[in-house]
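Visitor: coordinates for the following, if possible.
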Amino acid sequence: ELAPLLAGDIYVPASTALLSCAGGRCELDGVALDFDPLSPREHRCPRCGRSYAGELHHRWWIYSYQLWLAERGVHAALLYFLRGDKRHARLARDISLRYAAAYASYPNRDNVLGPSRLFFSTYIESIWLLQLCITADLLETAGDSATANEVRERIVRPSVELIAGFDEGFSNRQVWNNAALMAAALLLGDRAGAEHQVRAVSGVEAHLAQGLLDDGTWYEGENYHLFAHRGLWYCVVMAEMAGMAIDPALLARFNEGFATPFVTALPDFTLPSRKDSQYAISLQQWRFAELCELGLARGPDDRLSGALARLYSAETPLA
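Guide: Numbering: from 1, shown residues only. Just a heads-up that it's a prediction; the model follows:
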């Protein structure tokens with residue numbers, strides 16, 4: 001995944017992402033077009049093979065690409081921290097500094113759910129900002145404080161102002177706003193600010209106590225459970241690493257949430273299609289293996305071990 005970025009120039013779009021009826025969809029089949037991070041202008045339908053171009057499709061592609069590029073920054077910074085390869089340090093630094101230079105140029109407009117510069121909703125900028133904070137923290141830990149300081153001043157501080165002004169209460173989206181604000185506060189050396197996100201009315205503790213049901217499921221259903229639980233994982237881990245105590249009963253409820261998708265799985269290892277979730281989502285994906293791994297890192301669980309055995313079995317077809 002990093003090889004193409006290590007070999008060439010990094011593309012940072014000049015436009016913001018845009019949500020539209022036409023962008024990212026095949027006109028004939030109505031299915032989502034393939035996301036190819038190396039193809040900003042041409043987008044293929046996985047069903048009929050037809051290719052699409054134009055501004056609406058490009059600006060829909062930007063939505064996934066900005067998140068993808070931010071994640072590559074995390075991977076590059078982590079690989080540099082672990083292995084010391086300067087190519088990875090250079091890539092993580094270049095991604096961070098390119099965003100630092102461009103962030104203020106993105107207009108805060110064409111939004112759907114709250115203010116955002118790169119995207120069309122606040123919670124998506126939160127996910128993006130979280131990755132930039134992690135990248136900066138890894139680089140600084142490895143000795144590059146200059147890049148981390150650029151990220152603090154030119155991305156983190158102005159982005160936090162946008163995110164903090166749009167509290168979504170007990171929506172699954174606010175989970176990610178909390179995660180971004182916690183990460184930003186810790187990167188800025190503001191421990192009190194990070195703890196505020198834990199104790200706030202719509203903060204981490206409140207989400208654990210009221211957003212999660214007794215069995216660990218997020219109250220909005222499976223489709224939102226997976227999204228909210230991953231955001232809660234970031235919040236809980238940051239709180240634990242910073243020494244912020246959380247009620248053990250709430251942590252137990254959170255830990256139970258790792259197994260929830262597997263407890264209700266259908267015999268063909270798909271999720272039930274309830275509420276507004278997509279039809280027949282397969283659990284045979286790397287992201288569910290990762291969910292098991294993260295849960296098992298917090299303690300043994302036969303349900304997660306069994307699911308992981310099935311996911312890692314040579315007989316399991318790739319989804």
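Visitor: can you tell me how far residue 176 is from residue 266?
Guide: 28 Å (Cβ to Cβ, to the nearest Å). Placement of C-beta: from N, CA and C, glycine included.
Visitor: cool, residue 6 as well?
Guide: Distance, residue 6 to residue 266, by Cβ to Cβ: 42 Å.
Visitor: next one: residue 313
Guide: 18 Å.
Visitor: check residue 59 too.
Guide: For residue 59, the distance to residue 266 - Cβ to Cβ - is 37 Å.
Visitor: kindly report the same for residue 195.
Guide: The value you get for residue 195 to residue 266, if Cβ to Cβ is used, is 41 Å.
Visitor: the two: who's more crowded?
Guide: Neighbour comparison, residue 195 and residue 266: the larger count goes to residue 195, with 20 against 11 (by other Cβ atoms under 10 Å).
Visitor: does the more buried one really touch residue 243, like I thought?
Guide: No: the pair residue 195 and residue 243 does not pass the contact test of Cβ atoms under 8 Å, sitting 9.6 Å apart.
Visitor: show me the helices in the stretch 1-150 of the chain, by range?
Guide: Taking DSSP state H, counting those that start in this stretch, the helices of the stretch 1-150 of the chain run over residues 3-7, 55-83, 86-102, 122-141, 145-151.
Visitor: in CSV: these, plus distance to residue 39.
Guide: Formatted as CSV, the helices of the stretch 1-150 of the chain follow (distance: least, Cβ to Cβ, whole Å):
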stretch, distance to residue 39
helix 3-7, 11
helix 55-83, 8
helix 86-102, 19
helix 122-141, 21
helix 145-151, 28
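Visitor: out of the ones you listed, deepest packed?
Guide: When the helices of the stretch 1-150 of the chain are scored by mean count of other Cβ atoms under 10 Å, the highest mean neighbour count falls to helix 122-141 (a mean of 24).
Visitor: could the C-alpha coordinates of that one be exported in PDB?
Guide: Extracted in PDB, the C-alpha atoms of helix 122-141 (Å, rounded to 0.1, in the frame of the first residue of the first chain):
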ATOM      1  CA  THR A 122     -17.900  16.900  11.000                       C
ATOM      2  CA  TYR A 123     -17.500  13.300  12.100                       C
ATOM      3  CA  ILE A 124     -15.500  12.500   8.900                       C
ATOM      4  CA  GLU A 125     -13.100  15.300   9.600                       C
ATOM      5  CA  SER A 126     -12.800  13.900  13.100                       C
ATOM      6  CA  ILE A 127     -11.800  10.500  11.800                       C
ATOM      7  CA  TRP A 128      -9.200  12.200   9.500                       C
ATOM      8  CA  LEU A 129      -7.900  14.500  12.300                       C
ATOM      9  CA  LEU A 130      -7.500  11.500  14.600                       C
ATOM     10  CA  GLN A 131      -5.100   9.900  12.000                       C
ATOM     11  CA  LEU A 132      -3.100  13.100  11.700                       C
ATOM     12  CA  CYS A 133      -2.700  13.300  15.400                       C
ATOM     13  CA  ILE A 134      -1.500   9.700  15.700                       C
ATOM     14  CA  THR A 135       1.000  10.300  12.800                       C
ATOM     15  CA  ALA A 136       2.300  13.500  14.500                       C
ATOM     16  CA  ASP A 137       2.600  11.700  17.900                       C
ATOM     17  CA  LEU A 138       4.600   8.800  16.300                       C
ATOM     18  CA  LEU A 139       6.900  11.100  14.400                       C
ATOM     19  CA  GLU A 140       7.500  13.200  17.500                       C
ATOM     20  CA  THR A 141       8.200  10.100  19.600                       C
END
